[in-house]
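Peer 1: Fold the following, please.
(chains A and B)
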Amino acid sequence: MLSITLNVNGISRKVDVEATTTLLDVLRDRLGLLGTKKRCEAGDCGACTVILDGRAVASCLILAVEADGRKVLTVESLSNASGELSPLQKAFIDKGAVQCGFCTPGMLMSAKALLDRNPHPTEDEIREAIAGNLCRCTGYAKIVEAIMEVSRRG
Amino acid sequence: MDDEKILGARKPRVDGAAKVSGKFTFPTDTVLPGMLVGKILRSPHPHATVRDIDPSAARAMEGVFAVVTAEDFPMRVYGQDIPDETILATHKVRYIGDEVAAVAAIDEETADRALEAIKVDYEVLPALLDPIDALRAAKSEQPVLVHQNRPDNIAQEYHIDRGNVVVGFQEADYISEATYKTPRVHQAYMEANVAVAHATPDGRLTIWPSTQWPSRSREDIAEVLGMDVSRIRIIQAGVGGGFGGKFCPKVAMVTALLALKCGRPIRILNTLSDDFEAARPFVATEIRAKTGVRKDGTISARQLWTIVDNGPYSASGAGCLSVASSRGNNLYRMQNVKSDGLLVYTNLVPTGAYRGYGNQALAFALESEMDSIAKAMGWDPAEFRKKIATRTGDVTVDGWKIGSSGLVECIDWVVEASDFHNRRPTHGPIRYGKGMACGTHVSGNIVSYKHWDGSGAIIKVDRDGRVHLFTSEPDIGQGAFTALAQIAAEGVGVRYEDVDVHDNDTDITPFGVGATGSHITTVGGNAVKIAAEKARHEILAWAGRMLKLAPENLDVHGGRIYMKAQPTAALLSVPEVASDYFVNNYIPLFANGSYRTPGAVDKATKYGSPSPAYSFASHVAEVSVDMETGKVRVLNYWAAHDVGRVVNEMAVEGQVEGGVAQGIGFALTEEMLFANGKVTNSDFLDYKCAVSTDMPRIHTHFVEPIDPLGPYGAKGIGELAFVPVAAAIANAVADATGIRFTQLPITPFRLLEAVRKSRTR
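Peer 2: Have a look, this model is predicted:
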């Protein structure tokens, strides 16, 4: 067991992990942050996307020890302390970007990472930024529209 | 008032806030204290006799709580339509992945070691990896049979013969004939198949599965376990996508066996490769289609020969055979139809349904044929279709009674919007083309499950006026709860925001057919409408009592109760009435509703109207084809749908856009590949679904004939959105290249091969 400290959604968390434990498993199984979804476990679907030191990453491909001392943001960080939704989350609801919702947390984190570094992306830049996030329900149309809407308003 | 408009409004999903905040509990998020890890031992052989299973070493391991094999429980034979499956393999395994045994252990690692410790002695048998081989093998001198009691390797046959095709083909001025193939494809739902189960000392078994039909799951599981239905409780949170791939109760059943054996909460969670290799992907099809047309543009005869590769177990195979052998014949007017189909047992991954239940495969064949015919006859493909389109009031060749059809209007819209008759000029190696395809689908198909083709709904108006809806129709992401909440709000006379929809719980919620046959809006919706209107009636009766006014002079809208003669002057609110009702009766106001699909289909002839309503669509795809790389891109897409009255415009648009994305995958990239019976691309890197950068701009449009039997005139959308897409793309590719593709997907390799062949010719 290795002892690591993660800064998750602004709170320092000490956890003991195996060398092989992924960041995804720490978030879901150890810290109870079930918003981050687990599907392909190979970095192909994007359902487990979180933001690590400002970059969107597939948390299934990151070992927990690699994240030691670093800042992790999950979908749970998007609403404020009183539960009020962020403009990005609201846009996803209002534009119909959510169907089954299983890709939604990862999709939101990819979108947030994009908007944080490029507040006014083009449609192509948005499509590129979420190209690693698989969605089987929406055809991506309303997801792109929701992100565009935030960029317009922001 | 406009802000009170409920039906047709772009209402946000009822579960939107939970889903964007990461707080929504999916079946894969269900965690119980002390929950064990369940794992399944799968067959490594496509076909083998199981001579012996020795689980003793696994059972003796520390941290192992249960090991189950077919010896531990009576193995009843079950099946969705054809009984040919047991929970665990008895005597024989029939595909790579077949369930042989299962373990319950303290953690993943222990469960994996326990699986390795189970000794299975197999005697390998010849494997049938192709339906044609399977049909031949049954007739050979030493027959190879997937099931000993199925001497032809045929799970089911399908035959219809209407009018007279012999005469029809004699009358034809032109006959088109070709054979079309679609591969096994996967629904590729985002959330894994999973089940949590807990058998408690009171004799009850509670299961949290991921299923498209919770009500039926309870019935099926009770039957196969030999338990009373009331001992089983199914609790179903929203599911992370299904698309026809989550009917099979196998994971829940194996989890139940382990739960009964170890008495502790336990979960089996499929990996992605489990889902590819052992859940139920969509059947592979081969359809030979022959169509005769007269010079006047009418169809004189249609004949189909369909072979459906079922795999060894028939989950949704019978339904897929039936739909792939007939459905598209109801899209146009014709009298002479003959169809012969076979559902064939093989030793590849067993199959299931997928958004359209075979309609998408038949649409690929028939809508490709429509374009081939139009080209040969020099007809405009849109005008050809329009002339013979099924219209309101028609009774189709299979006996469908068409209460409403907006097919002609759909064709008109896509022609106009897509500028269908004009093309971009060729640019270097890039050629451009446009292609049309149409479709029709049931909206509430008879399933004849124990003769239960209906749905129930319960409305509870709580003391504070909130409306609680209890339905057993599941939300698998498609927006069922949102549409039903809108129908409930409209029926009761409250705001959409005043309605809560409860998760399926068989202890509380009534029966629902489930997310199949595009049922929920029509059948589930009618049940909700009936319950809601009864609640409205009760509310007005109680309000009349409170106001000392005749209830028939009162009405309610947006939660405000008023005299019909003076709609702007609210006399009471629903919360006031609900509160008064509660304190006088000590119960909230309850109302029930139920609805059954009307009509019947004759068992022998398959003639009849299987659905209360039928939806129609016309699509146009614009593609570019790079003749040097073989790459096809979909540049623009137009989709017009007749869904009857639109319940939620944003949600139906979303259904269409998602259907187009899955259709692009079906047309161009998706195909399960096998080597010696084993799936070789059971991951999202090698099994290519459409991603954001593959998608064109999708232009949607809805025509809204008010259907006489749909709730408030509404019809279903889910499956039909996907049905015409691959055909429209194949027709656009044919338009661009002059090459007719008869096999999906149209990969760069297949395209370049076809270009090379056409040049050498």
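
Peer 1: Where does pLDDT dip in the stretch 51-200 of chain B?
Peer 2: Counting by pLDDT under 70, the stretch 51-200 of chain B contains no low-confidence residues.

Peer 1: And A:Pro119, which helix or strand is it part of?
Peer 2: Element membership for A:Pro119, per DSSP states H and E: none, as it lies in no helix or strand.

Peer 1: for it, what are its contacts?
Peer 2: By Cβ atoms under 8 Å, 6 or more residues apart in numbering or on different chains, the contact set of A:Pro119 is A:151, A:154. From N, CA and C alone the C-beta is placed, and that goes for glycine too.

Peer 1: Kindly report the same for the one 3 residues further on.
Peer 2: With contacts taken as Cβ under 8 Å, 6+ apart, A:Thr122 has no neighbouring residues.

Peer 1: Same question for B:Pro724.
Peer 2: Per Cβ under 8 Å, 6+ apart, neighbours of B:Pro724: B:363, B:367, B:437-439, B:617-619, B:663.

Peer 1: could you redo the last one with a cut-off of 7 Å?
Peer 2: B:363, B:367, B:437-439, B:617, B:619 (Cβ atoms under 7 Å, 6 or more residues apart in numbering or on different chains).

Peer 1: Check A:Ala19 too.
Peer 2: A:2, A:65.

Peer 1: still on that earlier bit, can I get the contacts of B:Pro724 in a markdown table with pLDDT?
Peer 2: Formatted as a markdown table, the contacts of B:Pro724 follow (pLDDT from 0 to 100):
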| residue | pLDDT |
| --- | --- |
| B:Ala363 | 98 |
| B:Glu367 | 98 |
| B:Ala437 | 98 |
| B:Cys438 | 98 |
| B:Gly439 | 98 |
| B:Ala617 | 98 |
| B:His619 | 98 |
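
Peer 1: and those, which two are the farthest apart?
Peer 2: Taking Cβ to Cβ, the two most distant members of the contacts of B:Pro724 are B:Glu367 and B:Ala617; they sit 11.1 Å apart.

Peer 1: can you list residues touching both of the two?
Peer 2: Common contacts of B:Glu367 and B:Ala617 (Cβ under 7 Å, 6+ apart): B:438, B:724.

Peer 1: These two: who's more crowded?
Peer 2: Neighbours per residue (other Cβ atoms under 10 Å in any protein chain shown) separate B:Glu367 from B:Ala617, with B:Ala617 holding more: 32 against 27.

Peer 1: In what element of secondary structure is the more buried one found?
Peer 2: strand B:613-626.

Peer 1: So chain A: which segments form each domain?
Peer 2: As assigned by automatic domain parsing, chain A contains the domains A:2-76, A:87-153.

Peer 1: can I get those domains in a markdown table with distance to B:Leu407 and mean pLDDT?
Peer 2: Formatted as a markdown table, these follow (distance: least, Cβ to Cβ, whole Å; pLDDT from 0 to 100):
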| stretch | distance to B:Leu407 | mean pLDDT |
| --- | --- | --- |
| domain A:2-76 | 37 | 98 |
| domain A:87-153 | 23 | 98 |
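
Peer 1: Quick check: which of those domains is buried the most?
Peer 2: Highest mean neighbour count of the domains of chain A: domain A:87-153, a mean of 23 (counted as mean count of other Cβ atoms under 10 Å in any protein chain shown).

Peer 1: So what's the gap between that domain and the chain middle?
Peer 2: Put simply, domain A:87-153 sits 11 Å off its chain's centre (Cα atoms, centre = their mean, to the nearest Å).

Peer 1: start to end distance for it?
Peer 2: 9 Å (Cα to Cα, to the nearest Å).

Peer 1: filter the contacts of B:Pro724 by proximity to chain A?
Peer 2: Among those, not one lies near chain A by Cβ under 7 Å from any Cβ of the partner chain.

Peer 1: As a markdown table, these with secondary structure would be great.
Peer 2: Shown next, in a markdown table, are the contacts of B:Pro724 (DSSP: H, G, I helix; E, B strand; the rest coil):
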| residue | secondary structure |
| --- | --- |
| B:Ala363 | helix |
| B:Glu367 | helix |
| B:Ala437 | strand |
| B:Cys438 | strand |
| B:Gly439 | strand |
| B:Ala617 | strand |
| B:His619 | strand |
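
Peer 1: from these, which is closest to chain A?
Peer 2: B:His619 (13.0 Å; Cβ to the nearest Cβ).

Peer 1: now that closest one: how far from B:Ala543?
Peer 2: Distance, B:His619 to B:Ala543, using Cβ to Cβ, to the nearest Å: 48 Å.

Peer 1: of these two, who's got more company?
Peer 2: More crowded of B:His619 and B:Ala543, by other Cβ under 10 Å: B:His619, with 33 against 24.

Peer 1: any idea which helix or strand carries the residue of the stretch 1-150 of chain B found nearest chain A?
Peer 2: Going by Cβ to the nearest Cβ, chain A is nearest to B:Gly22 of the stretch 1-150 of chain B, at 2.0 Å. Here B:Gly22 sits in a region with no helix or strand, counting by DSSP H and E.

Peer 1: With the flanking residues excluded, which residue is spatially nearest to it?
Peer 2: Nearest-residue entry for B:Gly22: A:Gly35, 2.0 Å, with adjacent residues in sequence omitted and distances by Cβ to Cβ, 6 or more residues apart in numbering or on different chains.

Peer 1: From the chain's centroid, how far away is the strand holding B:Ala617?
Peer 2: Here strand B:613-626 is found 19 Å from its chain centre; the criterion is Cα atoms, centre = their mean.

Peer 1: Please write out the alpha-carbon positions of it in CSV.
Peer 2: C-alpha atoms of strand B:613-626 as CSV (Å, rounded to 0.1, in the frame of the first residue of the first chain):
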residue,chain,number,x,y,z
ALA,B,613,-50.6,3.5,-34.3
TYR,B,614,-47.8,3.6,-36.9
SER,B,615,-45.1,6.1,-37.4
PHE,B,616,-43.5,7.1,-40.7
ALA,B,617,-40.3,8.9,-41.8
SER,B,618,-38.4,10.0,-44.8
HIS,B,619,-34.7,10.7,-44.7
VAL,B,620,-32.1,12.2,-47.1
ALA,B,621,-28.3,11.8,-46.6
GLU,B,622,-25.7,13.9,-48.5
VAL,B,623,-22.3,12.2,-48.6
SER,B,624,-18.9,12.7,-50.1
VAL,B,625,-16.9,9.7,-51.3
ASP,B,626,-13.2,9.9,-51.7
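
Peer 1: helices and strands around it, which ones?
Peer 2: Judged by 3 or more Cβ pairs under 7 Å, 6 or more residues apart in numbering or on different chains; DSSP states H and E, strand B:613-626 is in contact with helix B:407-417, strand B:430-443, strand B:632-642, helix B:725-737.

Peer 1: Given it, what are its sheet partners and their directions?
Peer 2: Applying DSSP bridges, strand B:613-626 is found paired with strand B:430-443 (antiparallel), strand B:632-642 (antiparallel).

Peer 1: most tightly surrounded among those?
Peer 2: Most buried of the strands paired with strand B:613-626 by mean neighbour count (mean count of other Cβ under 10 Å) is strand B:430-443; its value is a mean of 26.

Peer 1: Show me which residues of stretch B:43-53 are buried.
Peer 2: Burial within stretch B:43-53, assessed by neighbour count using 16 or more other Cβ atoms under 10 Å in any protein chain shown, is assigned to B:43, B:45-48, B:50, B:53.

Peer 1: show me the contacts for B:Ile664.
Peer 2: Applying Cβ under 7 Å, 6+ apart, we find B:Ile664 in contact with B:634, B:690, B:694, B:725, B:729.

Peer 1: check contacts around the first one.
Peer 2: Right, the one you point to is B:Val634. So B:Val634 contacts B:621, B:623, B:664, B:696, B:729 (Cβ under 7 Å, 6+ apart).
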